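# this one's sequence-less:
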């Protein structure tokens, strides 16, 4: 009943006009129709499409509907082109179907819909795992990329009951096909990837097997490489063949017959490519066409041929029906003669055709949307005319270094993307219109800016002008920059521009700017201050050698590249950069100070301070300051620091690490690793490292060796240069079987992806977590549970509580003595209890003050022990092993030092109570005293400042001064108030020592008077 009422109210709210739509005539009818389609009371997940041509108000309708519905869903998101473009920009050089790109999309998607900024995922099923039980609302506007749809809403079962998905698109057919393909994908029959439908491999193989029952020339589609080679070399093709797709990775050589295609007059699809269309395949593949090869079928709609081997297309080829024409890396010099009606042509791609001199007339290619002539080095001129109206949205002329101008006859009124990067002879800025979204004029010789250019940039999204061939004057450059400072700008690249000294004041208006690249601008000295760009995500300032202050234009930055700058310090304000994930400052030779607030940033995962010649970091403090489980630290260095207790050289060597039998109380082991890279190593962009460990137990209960192998996750290290440096990170080995009681670990390092990487050395330190341990009290904050480290013969135990003595002793005692030691220990404890009970019994018989005697007897040693605490001797004796190990001794030496300290303590007490020393004995004492003083000055003296962490160092030093003060007080007390009793019989001490004493004599006399009074009373 309640649910029905709620749904009824919801329906009325949807049909009620609100302020968000009062200015849109007729919008309520559209909202009502969509509400019926959405069936909001239904439990299943529904996807609805909103389609139509551009400019009719689809986005407006979608946004109004989204605003009304979003409050009724647990999570909601409106995905537009800007949401997707950030990811596409980061991965623009990657395969369009790149796995990491999809991960990035899903991470941003989940962060937005769940309202969390720190979501981490490592597989593409994360959306389903996070949202399968949640009712969500998803709108995808301006949908034109199958990868986006697949990555974000690929399967309806990813979302909880009642979820709704609305897709806004210009292509109704594409939408309906998408829904149909989704159903097939749900049954695992197909996979949809970047405009391609791929069958399940088993289904594809079954289909091929069925097709092979016919002879190749009788089939409609040929995909088997050997069958295709037979048909093309033997001229056996027939009119039944509609499509050919040849994977050149499966052949080495092919001799095509001169009449190979004449019998295939109905051929519509011809692809000669590698299996991965985004790779160039094997270079050694040779496809030979005879000189008199003059025919390709006129029915061709799709022609894609990698490395086409001839200088021109067949003379009898008529491309009127071509929709997609792609001749990447061809040897073509020209295409066809005359004016051809190309009304079907939508995409032409000649990228990498280095011999192409001229393009044919494209005046009738009125539906052409994309023209890619990148890396056509020999191209001198473009078609003289592509008149308006046309649909040309993308024009790529990158690295056409002989091209001087874009003809005015080519209408760019519909153009969205223009790329003239590397066209070094172009001097005049192209005549673009207000539709332009992306512009790249980097490495050109542009020297003139149209006066109306600012009017064209109102929708500008991306602007790149790096490495200009003409040195711009300061005023001229500022004029250009002021022109392009559109509030819609998302990406700006002005790198390698020596004329850039400052940014214009209008820079503060770039509220949508996400990526700013100003690398290698050697004359840039300052950045704007007093602004905080809320969308800025990536900032590149590397190589700006005159920039001396830390950038303060946004605290929202996630990746900051400052390598080779003149920056002198990282200020305390770094703690405001709450989203900072990586900081690159390698080669900053003026850097002298780093505020350690940097390492408090919870999203920080990469820090690079390598090759900073003036920086003198306290490495020990750095290693102890941060947990490096998700953060990688790079520093300069030639060897593994001593902080890492187990060290070795090279990559082939291994480390043998003894472990305490009972240390693994949890099924994992964590350790901090340091890898030192050889200075002779070549630079590389990525290496992945993992550690493989073999846990062993050499003496289990059956006297049989046990082994268990564990491997850490891969840890990627990026962008190492030739300079020697070291990298620090944390690793974990999991699923360790605790019942095996391992006593040792053999550890090796493995390298992936970068076989040429040379490692000079590496080391580890096992991380411990016993919050009451002595190590932790001395300032090791990153300690993990119940893991203790041992050397070959001795083990180190810390902070054994009184009620844990039996357990810990049982763990370390030899098996043959364990029972006897436990019995003796219990016997001593019970004897002590018996003595205490006897004392209580006998004092109780003394009436009426027996209880006072018992209490006073217990108070005397308690007071003595209290004052002994003030001397500090207990702290020194208790922590002696840890303190000695902290200052550089091994674990054996540290334990031995405690034995020596205790022995000297006993010897000193003995000598102090037996009388005078002989000459020889005195000489020995002098020698030991001198050695003690020298050792104190060399090692113990700096301990107050070195054994405490930075946060408590001043307080730690105060403890030592506190101890010192009390020792002075006690010394003065002993000097003035405790008389010498040496050589005096015990019966004479009162009369010969205490009565004459300047202070105690008054009490001695008072006591004598009291005794005389008692005698007279008797």
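Good, I have the coordinates. Source: prediction; values computed, not measured.

# ok, residue 508 touching residue 531?
Yes. Under the criterion of CB atoms under 8 Å, residue 508 makes contact with residue 531 at 4.5 Å. All C-beta atoms are positioned from the backbone trio N, CA, C, and that covers glycine.

# Looking at residue 571 now. What's its pLDDT?
Residue 571 is assigned a predicted lDDT (pLDDT) of 92.

# Where do the strands of the stretch 251-400 of the chain begin and end?
253-255, 269-273, 286-288, 302-305, 324-326, 347-349, 370-372, 394-396 (DSSP state E, counting those that start in this stretch).

# Quick one: closest of those to residue 209.
With CB to CB as the criterion, residue 209 lies closest to strand 269-273 of the strands of the stretch 251-400 of the chain, at 21.7 Å.

# And the closest one, how far out from the chain middle?
Offset of strand 269-273 from its chain centre (CA atoms, centre = their mean, to the nearest Å): 40 Å.

# With stretch 218-238 instead?
49 Å.

# Quick check: mean pLDDT of it?
91.

# And that stretch, what's buried?
For stretch 218-238, a neighbour-count test (16 or more other CB atoms under 10 Å) marks 219, 222-225, 227-232, 235-237 as buried.

# now those as a markdown table including distance to residue 596 and secondary structure?
Formatted as a markdown table, these follow (distance: CB to CB, whole Å; DSSP: H, G, I helix; E, B strand; the rest coil):
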| residue | distance to residue 596 | secondary structure |
| --- | --- | --- |
| 219 | 70 | coil |
| 222 | 66 | strand |
| 223 | 61 | coil |
| 224 | 64 | coil |
| 225 | 61 | helix |
| 227 | 68 | helix |
| 228 | 65 | helix |
| 229 | 67 | helix |
| 230 | 71 | helix |
| 231 | 71 | helix |
| 232 | 69 | helix |
| 235 | 77 | coil |
| 236 | 76 | coil |
| 237 | 73 | coil |
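
# Just give me the closest of the residues you listed to residue 727.
For those, the nearest to residue 727 is residue 225 (45.2 Å; CB to CB).

# ok, and the closest non-adjacent residue to the closest one?
Using CB to CB, 6 or more residues apart in numbering and skipping residues adjacent in sequence, the residue nearest residue 225 is residue 250, 3.9 Å away.

# That neighbour and residue 330, how far apart?
21 Å (CB to CB, to the nearest Å).

# coming back round to it: now the strands of the stretch 251-400 of the chain as JSON lines including distance to residue 204?
Shown next, in JSON lines, are the strands of the stretch 251-400 of the chain (distance: least, CB to CB, whole Å):
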{"stretch": "strand 253-255", "distance to residue 204": "23"}
{"stretch": "strand 269-273", "distance to residue 204": "16"}
{"stretch": "strand 286-288", "distance to residue 204": "25"}
{"stretch": "strand 302-305", "distance to residue 204": "20"}
{"stretch": "strand 324-326", "distance to residue 204": "23"}
{"stretch": "strand 347-349", "distance to residue 204": "26"}
{"stretch": "strand 370-372", "distance to residue 204": "29"}
{"stretch": "strand 394-396", "distance to residue 204": "32"}
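
# So which of those is nearest residue 691?
That would be strand 269-273 among the strands of the stretch 251-400 of the chain, by CB to CB, at 41.0 Å.

# Give me the buried positions along that closest one.
For strand 269-273, using 16+ other CB under 10 Å, the buried residues are 269-273.

# what's the lowest-pLDDT member of these?
residue 273 (90).

# what pairs with that one across the strands?
residue 247 (DSSP bridges).

# and it, what is it in contact with?
Residue 273 makes contacts with 245-248, 281, 304-306, as judged by CB atoms under 8 Å, 6 or more residues apart in numbering.

# ok, the residue nearest to residue 131 when sequence neighbours are not counted - how many residues close by?
Leaving aside its sequence neighbours, residue 131 sits nearest to residue 159 (CB to CB, 6+ apart; 5.3 Å). Residue 159 has 24 neighbours, counted by other CB atoms under 10 Å.

# now do the one 10 residues further on
Applying other CB under 10 Å, we find 20 residues neighbouring residue 169.

# what's the pLDDT at residue 997?
Residue-level pLDDT assigned to residue 997 equals 82.

# My error: substitute residue 703 in the last question.
In this prediction residue 703 is given a pLDDT of 45.

# returning to that earlier point: ok, the buried residues of strand 269-273 vs residue 116, which is closest?
Looking across the buried residues of strand 269-273 and measuring by CB to CB, the closest to residue 116 is residue 273, at 42.2 Å.

# where are the low-confidence patches of the stretch 801-950 of the chain?
Per-residue confidence for the stretch 801-950 of the chain (pLDDT under 70) gives these ranges: 801-822, 844-849, 851, 858-950.

# thinking again about what came up before, how far away is the residue nearest to residue 225 from residue 226?
8 Å.

# same question, residue 678
Applying CB to CB to residue 678 and residue 226 gives a distance of 48 Å.

# do residue 339 as well
Applying CB to CB to residue 339 and residue 226 gives a distance of 41 Å.

# How about residue 272?
For residue 272, the distance to residue 226 (CB to CB) stands at 15 Å.

# Okay, now the unreliable bits of the stretch 51-200 of the chain?
Scanning the stretch 51-200 of the chain for pLDDT under 70 picks out 93-97, 143-144, 171-183, 186-187, 192-196.

# can you map out the strands along it?
For the stretch 51-200 of the chain, strands defined by DSSP E, counting those that start in this stretch occupy the ranges 75-79, 136-140, 164-169, 190-193, 196-199.

# Go through these and name the closest to residue 392.
Of all the strands of the stretch 51-200 of the chain, it is strand 164-169 that lies closest to residue 392, at 21.2 Å by CB to CB.
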